[in-house]
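Q: Just need the structure, nothing else, for what follows:
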Amino acid sequence: MSSRLAERLKSLGISTESLVSKTTLSRQRASEIIGGSKANVSEIRDICSGLRLPVQIFAEGGERKSKINLAPLFREVRSASNEYDITVERISIFVEACLEILPRRNSLPDWLDQFPSENKTYAAADRLSKVARFVIDPEDPNGPLPDLGLRLGNLEGLIVSKLPHSRYEGISLIAGNYCFIFVSPRFPARMLFTLGHEFGHLISDHTDGGFVRFEKAKQIGSFGESSKVESFVDAFASCLLIPDTGLGKFLVFAREHLELDTDRITDRDILLISRFFGVSFDVAGLRLEHLGLIPHGLTYSLGDYLRKEFKSPEKRADMLGISPREKINFPNISPQLSVSLLAALRSGDVSIGWASNSFGFSIGEIFAEQAKVQ
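A: Here you go, the predicted model:
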């Protein structure tokens, strides 16, 4: 009979090989635990430390104790799945821990007031993206945003975090008047788009008060193939990451210095744009389609051709010698959370073990944050 631990490891897609690589367990012992053998306390702690998961979600029986109850917020997400979803528990524990140590908020962040309620159209998404660019970086509203994660994490009342080992691509929610975005580690261009997509949900959905969205890969970047709301935030992310004015300036530069075709845009040109702005080939192409710069449907046909002939657009870009994307700057610990966490550690209100267990940060990451302020 499979143990609770084995079932939850399987729900995360953790194999024997990955368990061995991330823990001190032997291959034989890792295989036994994956197969349903009961683990002892030290083994559970080893697994949680290696996978950066809270011990509570593997504990047999008993409910975790918290000063803050977010059960009503997550109730709908839990009921939507017939099987236990470990990610919901992880996020619930993370957010509850945040609200225990972050300063109490009586209202949503002021920057959200700058975003009026709009109809879910592409033009409205473009307008909101322009407001967002000035909120994020008023000094450069047109350039690439490889540091979007850091910039969003610096916005008042917004916590940004990575979400390893999850079947979800992105998560956005509002609780305790704080905004949260979680993004699974993926291909960098994908992570950047997911950040923009989830930021769009905060802007679009904040008028409803507290909310939570757990989204799988097929719900992000479908561009019209999913719900109206998802298509709207896809459009917002696209406009945010490739602003029309910035794209125009790049096209002028590219025609002068990079031998961009002046009469028509080719696959090479779309790849140049995608790498300059840090997005995927498909996102860049579809943005050009919406702006009327290339025919509708060309992105799909070109992308299909590149995958058949070169295995992927990325391999084609490498073959053409196109410079790689700028590295995405995604902080290990969101700046505001780091400040509150270090203050709580210094005062003795929480322990390093509690912080590591609640947030999934390694002891080394916490020490690194401490070193920055010493």
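
Q: What helix or strand is residue 338 located in?
A: When elements are assigned from DSSP states H and E, residue 338 belongs to helix 335-347.

Q: Just to be sure, residue 321 is in a helix?
A: No. Assigned with DSSP: H, G, I helix; E, B strand; the rest coil, residue 321 falls outside any helix and is coil.

Q: List the buried residues in the helix holding residue 338.
A: 336-342, 344-345 (16 or more other CB atoms under 10 Å). (Glycine included, C-beta is placed from N, CA and C.)

Q: Quick check: which helices or strands does it pack against?
A: helix 86-101, helix 148-153, strand 158-162, helix 352-359, helix 363-372 (3 or more CB pairs under 8 Å, 6 or more residues apart in numbering; DSSP states H and E).

Q: which residues sit against it?
A: With contacts defined as CB atoms under 8 Å, 6 or more residues apart in numbering, helix 335-347 is touched by 98, 101-103, 150, 153-154, 156-159, 161, 333, 350-352, 355, 359, 366, 369-370, 373.

Q: Restrict those to the buried ones and give me that as a ChimeraX selection.
A: In ChimeraX syntax, the buried subset of the contacts of helix 335-347 is picked out as below (16+ other CB under 10 Å):
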select :98,101,102,150,153,157,158,159,161,333,350,355,359,366,369
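
Q: tell me, how many neighbours does the residue nearest to residue 267 when sequence neighbours are not counted end up with?
A: Using CB to CB, 6 or more residues apart in numbering and skipping the chain neighbours, the partner closest in space to residue 267 is residue 302 (5.0 Å). Residue 302 is flanked by 21 other residues according to other CB atoms under 10 Å.

Q: how distant is the helix or strand harbouring residue 302 from the center of its chain?
A: Here residue 302, judged by DSSP H and E, is contained in helix 298-310. From the chain centre to the centre of helix 298-310 is a distance of 27 Å (CA atoms, centre = their mean, to the nearest Å).

Q: mind listing what's buried in that helix?
A: 298-299, 302-303, 306, 310.

Q: cool, stretch 160-178 as well?
A: By neighbour count on 16+ other CB under 10 Å, the buried set for stretch 160-178 is 160-163, 165-166, 168-178.

Q: okay, residue 63: pLDDT?
A: Residue 63 carries a pLDDT score of 43 in this model.

Q: sorry, back to before: tell me which of the helices and strands packed on helix 335-347 sits nearest to residue 24.
A: helix 363-372 (14.9 Å; CB to CB).

Q: Quick one: mean pLDDT for that closest one?
A: Averaging pLDDT residue by residue across helix 363-372 gives 72.

Q: As a check, name the ranges of all helices in the stretch 51-200 of the chain.
A: With helices called from DSSP state H, counting those that start in this stretch, the stretch 51-200 of the chain shows them at 71-79, 86-101, 122-136, 148-153, 188-205.

Q: Burial-wise, tell me which of those helices comes out on top.
A: helix 188-205 (a mean of 24; mean count of other CB atoms under 10 Å).

Q: which helices and strands does the helix or strand just after it pack with?
A: As assigned by DSSP H and E, the chain's next helix or strand after helix 188-205 is strand 211-215. Using 3+ CB pairs under 8 Å, 6+ apart, the elements in contact with strand 211-215 are helix 71-79, helix 86-101, strand 170-175, helix 188-205.

Q: mind giving me TSV with those and columns for distance to residue 122 and mean pLDDT?
A: Below are the helices and strands packed on strand 211-215 laid out as TSV (distance: least, CB to CB, whole Å; pLDDT from 0 to 100):
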stretch	distance to residue 122	mean pLDDT
helix 71-79	29	70
helix 86-101	31	89
strand 170-175	21	94
helix 188-205	12	94
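
Q: where does the chain have low pLDDT?
A: 1-2, 58-69, 71, 78-84, 208-209, 223-226, 258-263, 369-374 (pLDDT under 70).

Q: How is it divided into domains?
A: 4-101, 110-241, 335-372 (automatic domain parsing).

Q: Thanks a lot, see you next time.
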